[in-house]
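Participant: Compute the structure for the input listed below.
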Amino acid sequence: MIEYDVFALADVQQEKYRVLAETVDERLSTFRCERSPRLQDFARSSVQKYERHGHSRTYVLVTPRDDTIDVAGFFTVGMTALNLQKATSSARKRLMGDVSVVQTGAYSIAELARSDDYSSEQLPGRVILDEAKEVIRRARGYIAGRFVVVDAREEVFSHLYEPAGFRKIHLAEAPRGMAGIPFVTACAVVKDW
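Facilitator: Presented below is the predicted three-dimensional model:
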């Protein structure tokens, strides 16, 4: 497995990290993720917009490469609403207990990607997910929160999120440009981590 450090993009944008920020921005602008053109496009052209507007925070996994650094992967964490209307009544009961609400606030792992320049042996998806979970754990210490939500391709859910304790809530609408690919909305209870 590769060595890496995790940085919030917002933190490296400080003037004292200008050189690091420029290198990270350059690496993101050429980030390769052909398995998911949407994630590749997000890294290359949208990540800074979401950062500036405060819709989410992106964290990069930075690794040494030759005489510089590379962005081996990234994840984005934000807030969303978990709508349980489409969930079965037993799923709602299991998730909400004796609190009767159909919609509640939740953390969201909106994006999670590994660069095509690294194999799953060099940087397993579960490692990137564990880093995202750690950020959410820290946030929960400050502001509470019970759930974390992901919308993921069915195959990614089965391979990555389900083994990590996420449970399928319902089928999700595929993102723009990915029509016909099965997506699910899944959630996990943060305290169970």
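
Participant: what sits opposite residue 7 in the beta ladder?
Facilitator: According to DSSP bridges, the residues that bridge with residue 7 are residue 60.

Participant: correct me, but it touches residue 58?
Facilitator: No - at 9.6 Å, residue 7 and residue 58 do not qualify as touching, with contact defined as C-beta atoms under 8 Å. All C-beta atoms are positioned from the backbone trio N, CA, C, and that covers glycine.

Participant: more neighbours, the two?
Facilitator: Legend: neighbour count by other C-beta atoms under 10 Å for residue 7 and residue 58, higher for residue 58 (23 against 19).

Participant: for that one, phi and psi?
Facilitator: Per-residue torsions, residue 58: phi -110, psi 140 (degrees, to the nearest 10).

Participant: can you offset everything so residue one is 54?
Facilitator: New numbering, starting at 54: the last item is residue 111.

Participant: Quick check, pLDDT for it.
Facilitator: Here, the pLDDT recorded for residue 111 equals 97.

Participant: And the strand of greatest length in the chain, what's buried?
Facilitator: With secondary structure taken from DSSP state E, the chain has its longest strand at strand 121-136. Using 16 or more other C-beta atoms under 10 Å as the test for burial, strand 121-136 gives 122, 123, 124, 125, 126, 127, 128, 129, 130, 131, 133, 135.

Participant: Farthest pair within the residues you listed?
Facilitator: Greatest spacing in the buried residues of strand 121-136, by C-beta to C-beta: 122 and 135 (35.9 Å).

Participant: Report all helices and strands that the helix or strand harbouring residue 147 contacts.
Facilitator: Secondary structure assignment for residue 147, by DSSP states H and E: helix 142-149. In terms of contacts (3 or more C-beta pairs under 8 Å, 6 or more residues apart in numbering; DSSP states H and E), helix 142-149 is packed against strand 220-225.

Participant: now the following helix or strand past the strand it packs on against strand 220-225, angle please.
Facilitator: The helix or strand immediately downstream of strand 220-225 is strand 236-242, counting by DSSP H and E. Put simply, strand 236-242 runs at 150 degrees to strand 220-225, going by axes from the mean of the first three to the mean of the last three C-alpha atoms, to 10 degrees.
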